[in-house]
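K.L.:
Below are the sequence and a predicted model; questions follow.
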Amino acid sequence: MGNVSLHHWRRGSVFGVRHNDMSTKLLRHGLLAFTCIIQAVSQNAYAQGTVYLSHLGSIADTGEGVGAATPFAIYFETGTNANGYSLDSIQLRIAGVLGTPTGFDVSLYNNNGGVPGSSLEPLSGSIPSGVGIYSFLSSDITLTPSTVYWTVVTSPDSLSSGNFVAWAFDPTSYTSSEGWSLGGNYGFNGSSWYSAGGSPFTEAITATPAPEPETFLLTGLGLLAIFLRRRKCFYMVRKT
């Protein structure tokens, strides 16, 4: 009887080890799956951008030359999505290119009392080579809802060098959705920003609304539960 009891105890111990090993594997695989699920849901949520503000106009031959001492800016206000927006890109219409510019920099600035404050992000894009619409990409910086930001354009070249890019302006009305709006033009005189007036500079802003954090969590947990149930059934089938 003692041997039988010991035999049964050993079998139970082995089964217990296997059971614990299975649970550990389930937990490890489950955590990995949960991480992958959250990443997949996040990437899918940010996959599609919306043009919330568009003022690219139709006149390509009127603009202001952008130089090292003559940067220009225009402000916009974001919409009302409670969780903000992920900035995808800003498009500008270029009225013309003179000579061979060595640079053309587009940056996103915060607002400081009605003028551009500090740079939040330099956007990536190519130096314009002629008349047309050019895109400048963001690294998905998050924009706060109902907040003023500035698109600031500058160049390392001076206008006197004869090498510069002209940022187009246009008198036509802009289109927008979800409460986004476009403001006025500003220039820099070497010491301070000033209202440049005139027709607004051209730009279009593409962004993606940031979803609520609960959306990620609930979706991830639901998919994780399905994954763990399937893994458990798989182990039970292998055990039998």
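P.N.:
Okay, I see it.
K.L.:
what pLDDT, on average, does stretch 198-212 get?
P.N.:
Across stretch 198-212, pLDDT averages out at 94.
K.L.:
what's the span of it, first residue to last?
P.N.:
End-to-end distance for stretch 198-212, by C-alpha to C-alpha, to the nearest Å: 40 Å.
K.L.:
How about stretch 53-61?
P.N.:
22 Å.
K.L.:
In this structure Gly184 contacts Ser199, no?
P.N.:
No - the pair Gly184 / Ser199 is not scored as a contact, 9.8 Å apart, by C-beta atoms under 8 Å. C-beta here means a position set from N, CA and C on the backbone, and glycine is covered the same way.
K.L.:
Out of the helices and strands in this structure, which is least certain?
P.N.:
helix 2-45 (a mean of 49; mean pLDDT, DSSP states H and E).
K.L.:
Can you give me the distance of Ser135 to Asn83?
P.N.:
Distance, Ser135 to Asn83, using C-beta to C-beta, to the nearest Å: 25 Å.
K.L.:
So which residues of the chain form helices?
P.N.:
2-45, 213-239 (DSSP state H).
K.L.:
Report the buried residues of stretch 171-180.
P.N.:
174, 176, 180 (16 or more other C-beta atoms under 10 Å).
K.L.:
Name every strand pairing with the lengthiest strand in the chain and say which way it goes.
P.N.:
Across the chain, the longest stretch assigned as strand under DSSP state E is strand 85-98. Sheet pairing of strand 85-98 (DSSP bridges) gives strand 132-137 (antiparallel), strand 142-143 (antiparallel), strand 164-168 (antiparallel), strand 203-209 (antiparallel).
K.L.:
Could you pull up the mean pLDDT of that strand?
P.N.:
Mean predicted confidence for strand 85-98 is 97.
K.L.:
One more: stretch 51-60?
P.N.:
89.
K.L.:
which outside residues touch that stretch?
P.N.:
76, 78-79, 85, 91, 93-96, 131-133, 168-178, 180-182, 200, 202-207 (C-beta atoms under 8 Å, 6 or more residues apart in numbering).
K.L.:
Stretch 192-204 now?
P.N.:
51, 53-57, 62, 64, 72-74, 76, 90-93, 115-116, 151, 153, 167-171, 174, 182-188.
K.L.:
Break the chain into its domains for me.
P.N.:
Listed by automatic domain parsing, the domain ranges of the chain are 2-45+214-239, 50-209.
K.L.:
Pull up the distance across the longest one, start to finish.
P.N.:
In this case it means domain 50-209. End-to-end distance for domain 50-209, by C-alpha to C-alpha: 8 Å.
K.L.:
can you check stretch 176-193 too?
P.N.:
26 Å.
K.L.:
What about the residue nearest to Phe188 when sequence neighbours are not counted? Give its phi and psi, please.
P.N.:
Nearest residue to Phe188, sequence neighbours excluded (C-beta to C-beta, 6 or more residues apart in numbering): Pro71, at 4.9 Å. Dihedral pair for Pro71: phi -70, psi 160, per degrees, to the nearest 10.
K.L.:
quick revisit: pick the most deeply packed of the strands paired with strand 85-98.
P.N.:
strand 164-168 (a mean of 24; mean count of other C-beta atoms under 10 Å).
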